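> One predicted model, sequence on top.
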Amino acid sequence: MKNIIVLVSGGGTNLQALIDKQEQGEIKNGKISCVISSNPNAYALQRAEQHGIKTHVLPRKNFENNHAYSLALLDMLKQEQADLIVLAGFMIILDKILIQAYENKIINVHPALIPAFCGDGFYGLHVHEKALEKGVKLTGATVHFVNEICDGGAIILQKAVAIQKGDTPEILQKRVMEQAEWQILPQAVSLFCEERLEIENNHVWII
Ligand code: GAR
């Protein structure tokens, strides 16, 4: 059974999707053993507590920079014996020291079809604002491994969502979450835990 550690900063609807799928037996060979939040007020913490999952708070504001923060986080992840780290609305760019320590063991969910609308500065609602501004017909979500390039790691799963007339960033965000993120994140987590992901030259094959 792999220890899954989920990192959060906000509302935690993706965490909730993982918890729900876990309770339905759809996360095979893995268990959410702990949730770590960069934000003491994140509602995600309450979601974890309501389901008896251990939580830690590691506030970003207590650290001078992302490097110092990542060192402290690395310590915590080692103590918790993380096998898989899931960034579920985690709003801090991790330092390479942590990424190298957990190479191909950190996955992130991004609310767009990478390589569109991604990279530095593209997070949360802003991603959907940019998609609507551009007038694309399709957007969606991507689950990918984390490497040292922001949103640049090997893609595990993607799901497209159509833009509709009258969409606002908020409406689109909700549809992308419901139709894409909440489905492909738990799927990718289960595939990882079942050791069904093969990585070859920045490509991921499902075996
Ligand atoms: C989600 O849409 C997630 O994809 C996005 O933030 C939201 C968090 O919601 N993440 C990023 O933009 C990372 N670049 P949640 O806290 O309800 O899961």
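Structure received.
> Restricting to C-alpha, output the longest helix anywhere in the chain in CSV.
For the chain, the helix reaching the highest residue count under DSSP state H is reported as helix 66-79. Taking Å, rounded to 0.1, in the frame of the first residue of the first chain, the C-alpha atoms of helix 66-79 are listed here in CSV:
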residue,chain,number,x,y,z
ASN,A,66,10.7,28.7,-1.7
HIS,A,67,14.0,27.0,-1.2
ALA,A,68,13.8,27.3,2.6
TYR,A,69,10.1,26.3,2.4
SER,A,70,10.9,23.2,0.3
LEU,A,71,13.6,22.1,2.7
ALA,A,72,11.1,22.1,5.6
LEU,A,73,8.5,20.4,3.4
LEU,A,74,11.1,17.7,2.4
ASP,A,75,11.7,16.9,6.1
MET,A,76,8.0,16.5,6.7
LEU,A,77,7.5,14.3,3.6
LYS,A,78,10.4,12.1,4.7
GLN,A,79,9.0,11.8,8.2
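> Which strands and helices lie in contact with that helix?
On a contact count with 3 or more C-beta pairs under 8 Å, 6 or more residues apart in numbering; DSSP states H and E, helix 66-79 meets strand 30-37, helix 96-101. The C-beta positions use only the backbone N, C-alpha and C, and glycine is treated the same way.
> Of these, which stretch is the most buried?
When the helices and strands packed on helix 66-79 are scored by mean count of other C-beta atoms under 10 Å, the highest mean neighbour count falls to strand 30-37 (a mean of 22).
> Please see if stretch 155-162 touches the ligand.
No. If you take C-beta under 6 Å from any ligand atom as the test, stretch 155-162 misses the ligand, and the best it gets is 11.8 Å.
> rewinding a little: could you give the angle of the longest helix of the chain to strand 30-37?
With axes from the mean of the first three to the mean of the last three C-alpha atoms, to 10 degrees as the basis, helix 66-79 and strand 30-37 are set at 140 degrees to each other.
> what's the next secondary structure element after helix 66-79?
strand 84-87 (DSSP states H and E).
> quick one: contacts for the residue in the chain that the ligand sits nearest to?
Ranked by C-beta to the nearest ligand atom, the top residue of the chain for proximity to the ligand is G89, at 2.7 Å. Shown in contact with G89 (C-beta atoms under 8 Å, 6 or more residues apart in numbering): V8, S9, G10, G11, G12, T13, N14, L15, A44, V109, G124.
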